[in-house]
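Trainee: sequence plus the predicted model coming up.
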Amino acid sequence: MDEERRFHVDPEGAAVVREIFEMYASGKTVAEITKYLNAKQVKTSQGKEFNKNSLHRLLRNKRYIGYYIYKDTETPGGMPRIIEDELFQRVQHILDRNKKAPARSRGREEYLLTTKLFCGYCREVMTGYGGTGKSGTTYRYYACKSAKKKTCRKKVVNKQKIEDRVVLECRKLLTDSNIEKIALVVTAACEADYDSSAIKRIKAAIQEADAAIENLWKALARGQAVDMITERIEKRKWEKDELQGQLAIEMGKQVTFTAPQIKAFLYSLKRGNINDENNRRGMVNIFLQPSTFTTIE
């Protein structure tokens, strides 16, 4: 906040916030993001290391979409926005979804199909569980939420077996023909999204400032209230400079991918180790929509 009590965006801090939102929206877990941030020595607003709670608070913070919050009052547009509504809402959806199915990992074991696997009988989410039998054997499986309450007949599904099957089916989609098509579609989408809503809004504001300055010059030429109009022209010029700075920041953060880059990434998934956790997670997050299963052979 400046001397005139106006809020300004810290470009460096804003870039970190955007990166966090984009990482979570792309499928990164809270644990992965906190580990990444702490490794880079990024601190919270209180100067502390990130943990699960502080990251959740950041991802739920409506100030990043321009809300000014004082006690129980929320004022839209009361602060400069950092995150676009679409990205913010996408993150809220994932947070809500994961809250209903929290067992993505238990201990060090990751359950890849969390939030993506549903019972074919009752359509309830199937959640990952693990345990050790009397013989010391470790069991990991997905179980229907209703079946755990004895209200559904769905049997548990072996974790390794179903995940291997799903990953293999995802890899089958990575034919040369499909990779070519996906690369073209994603490239076109990147080009279409390059001029984002934030950039459009800033450009429109710059045009509005230009028009206001032009009108003020005309008023000045007619000899109207010279001192007052001169002051207003200077204020509008300052506002335009601020907007041009914001535009430069937005243009600088735009990320576009070329068709060769996209194809290289997809081929890395196709040819990579099918047992590698990152490879498996990538294929599942990119290709898998929520699925229902009744039985597995």
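Mentor: Perfect, I can see it now.
Trainee: contacts and neighbour counts: CA atoms only from here.
Mentor: Will do.
Trainee: got the residue ranges for the helices in the stretch 51-200 of the chain?
Mentor: With DSSP state H, counting those that start in this stretch as the criterion, the stretch 51-200 of the chain has helices at 52-60, 85-100, 145-148, 159-172, 176-193, 197-221.
Trainee: show me what counts as buried in the first one.
Mentor: Of the residues in helix 52-60, those buried under the neighbour-count criterion (16 or more other CA atoms under 10 Å) are 54-55, 58-59.
Trainee: how about these in CSV, adding distance to Gly282?
Mentor: Formatted as CSV, these follow (distance: CA to CA, whole Å):
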residue, distance to Gly282
Ser54, 26
Leu55, 22
Leu58, 25
Leu59, 22
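Trainee: out of the residues you listed, who's nearest Ala198?
Mentor: Leu59 (19.3 Å; CA to CA).
Trainee: that closest one reaches Val91, doesn't it?
Mentor: Yes: under the criterion of CA atoms under 8 Å, Leu59 makes contact with Val91 at 7.3 Å.
Trainee: mutual contacts of these two, please.
Mentor: Counting by CA atoms under 8 Å, 6 or more residues apart in numbering, the contacts common to Leu59 and Val91 are Phe21.
Trainee: returning to what we had before: most tightly surrounded among the helices of the stretch 51-200 of the chain?
Mentor: helix 145-148 (a mean of 18; mean count of other CA atoms under 10 Å).
Trainee: which residues touch it?
Mentor: In contact with helix 145-148 (CA under 8 Å, 6+ apart) are residues 122, 124-127, 152-155.
Trainee: out of those, which are buried?
Mentor: By 16+ other CA under 10 Å, the contacts of helix 145-148 give 122, 124-127, 154 as buried.
Trainee: just how off-centre is stretch 60-74 within its chain?
Mentor: Offset of stretch 60-74 from its chain centre (CA atoms, centre = their mean, to the nearest Å): 19 Å.
Trainee: using PDB, write out every CA atom in that stretch.
Mentor: This file holds the C-alpha atoms of stretch 60-74, laid out as PDB (Å, rounded to 0.1, in the frame of the first residue of the first chain):
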ATOM      1  CA  ARG A  60      -8.300 -20.400  -0.600                       C
ATOM      2  CA  ASN A  61      -7.400 -16.700  -0.300                       C
ATOM      3  CA  LYS A  62      -9.900 -14.600  -2.300                       C
ATOM      4  CA  ARG A  63      -7.600 -11.500  -2.000                       C
ATOM      5  CA  TYR A  64      -5.700 -13.000  -5.000                       C
ATOM      6  CA  ILE A  65      -8.800 -12.500  -7.200                       C
ATOM      7  CA  GLY A  66      -9.200  -8.900  -6.100                       C
ATOM      8  CA  TYR A  67     -11.300  -9.100  -2.900                       C
ATOM      9  CA  TYR A  68     -10.600  -6.600  -0.100                       C
ATOM     10  CA  ILE A  69     -11.500  -8.400   3.100                       C
ATOM     11  CA  TYR A  70     -12.000  -6.600   6.400                       C
ATOM     12  CA  LYS A  71     -13.500  -8.700   9.300                       C
ATOM     13  CA  ASP A  72     -16.500 -10.300   7.700                       C
ATOM     14  CA  THR A  73     -16.900  -7.900   4.800                       C
ATOM     15  CA  GLU A  74     -15.700  -8.900   1.400                       C
END
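Trainee: got the contact list for it?
Mentor: So stretch 60-74 is contacted by 75-85, 88, 92 (CA under 8 Å, 6+ apart).
Trainee: mind running it again at 10 Å?
Mentor: If you take CA atoms under 10 Å, 6 or more residues apart in numbering as the criterion, stretch 60-74 is touched by 14, 17-18, 54-55, 58, 75-89, 91-92, 95.
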